[in-house]
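Trainee: Sequence plus the predicted model coming up.
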Amino acid sequence: AQSVAQPEDQVNVAEGNPLTVKCTYSVSGNPYLFWYVQYPNRGLQFLLKYITGDNLVKGSYGFEAEFNKSQTSFHLKKPSALVSDSALYFCAVRFPFPRSNDYKLSFGAGTTVTVRA
Amino acid sequence: GAVVSQHPSWVICKSGTSVKIECRSLDFQATTMFWYRQFPKQSLMLMATSNEGSKATYEQGVEKDKFLINHASLTLSTLTVTSAHPEDSSFYICSASLVGTNEKLFFGSGTQLSVL
């Protein structure tokens, strides 16, 4: 069973409008949650993470995400999208392994974001 | 910030040949590196976990004799696709973690492998 779900294959928004990319997880315990962005023909770039503490985390390029334990969600948000935000976004969860230094991530299927001018 | 260099960025090879992909952590030491495979319009699938000085741990369904991983130093891991076939054509990405942290992975820019 997939541990991380991104229910939307594509998200299309107009520039200047709010952007939300959804992510839900199904990992027991206290997960570590991550968002990564992949631009065309480039590797993954780290956006933000939730480990513990404040449920609202802020990351790179004006993105933020809210950890909601009751809904097991970690949606990525940006108040005002830019055309340059068009990319492929991946949500990831780290399994709670016994070893503290095991950083194996499980990725969602990805959501393609298109921001139109 | 930490930089992971992956080389080559793309490679075309004939069926039956072997291809080596390098993953280097340029400004930090990485005891653990991960190799992923990404098919078009699909997510990243973890292939194996590479630990410096020991054998790699492969995920279920990944042939260890076909995808040879060597992590000889704290800054270099290699993935060799042996006897490549067209179905091995994919985008391969490596990642490395900073020693002593448990929060962030740094990814290489990926290698597009096309097997003719």
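Mentor: That came through fine. Numbers count the residues shown, from 1 in each chain, chains lettered A, B, ... in the order given.
Trainee: Lowest-scoring secondary structure element of chain B by mean pLDDT?
Mentor: strand B:105-107 (a mean of 82; mean pLDDT, DSSP states H and E).
Trainee: same thing with chain A?
Mentor: strand A:105-107 (a mean of 82).
Trainee: what helices or strands is that one leaning on?
Mentor: strand A:87-94, strand B:44-51 (3 or more Cβ pairs under 8 Å, 6 or more residues apart in numbering or on different chains; DSSP states H and E). Every C-beta, even on glycine, is put in place using the N, C-alpha and C of the backbone.
Trainee: what ranges do the helices span in chain A?
Mentor: Remark: no helices are assigned in chain A by DSSP state H.
Trainee: What count of nearby residues applies to residue A:92?
Mentor: Neighbours of residue A:92 under the rule other Cβ atoms under 10 Å in any protein chain shown: 25.
Trainee: Tell me who's in contact with it.
Mentor: Residues in contact with residue A:92 (Cβ atoms under 8 Å, 6 or more residues apart in numbering or on different chains) are A:4, A:33-36, A:105-108.
Trainee: Looking at the helices and strands packed on strand A:105-107, which one is packed in the most?
Mentor: Highest mean neighbour count among these (mean count of other Cβ atoms under 10 Å in any protein chain shown): strand A:87-94, with a mean of 23.
Trainee: any idea how far the least confident helix or strand of chain A is from the chain center?
Mentor: What separates the centre of strand A:105-107 from the centre of its chain is 11 Å, taken as Cα atoms, centre = their mean, to the nearest Å.
Trainee: Give the partner strands of that strand in its sheet and their orientations.
Mentor: strand A:87-94 (antiparallel) (DSSP bridges).
Trainee: Averaged pLDDT, the partner strand. What do you get?
Mentor: The average pLDDT for strand A:87-94 rounds to 91.
Trainee: when you compare where it runs with where strand B:44-51 runs, what's the angle?
Mentor: On the basis of axes from the mean of the first three to the mean of the last three Cα atoms, to 10 degrees, strand A:87-94 is oriented at 50 degrees to strand B:44-51.
Trainee: How far off centre is strand A:87-94?
Mentor: 5 Å.
Trainee: Stretch B:67-86 now?
Mentor: 7 Å.
Trainee: This completes my enquiry, with thanks.
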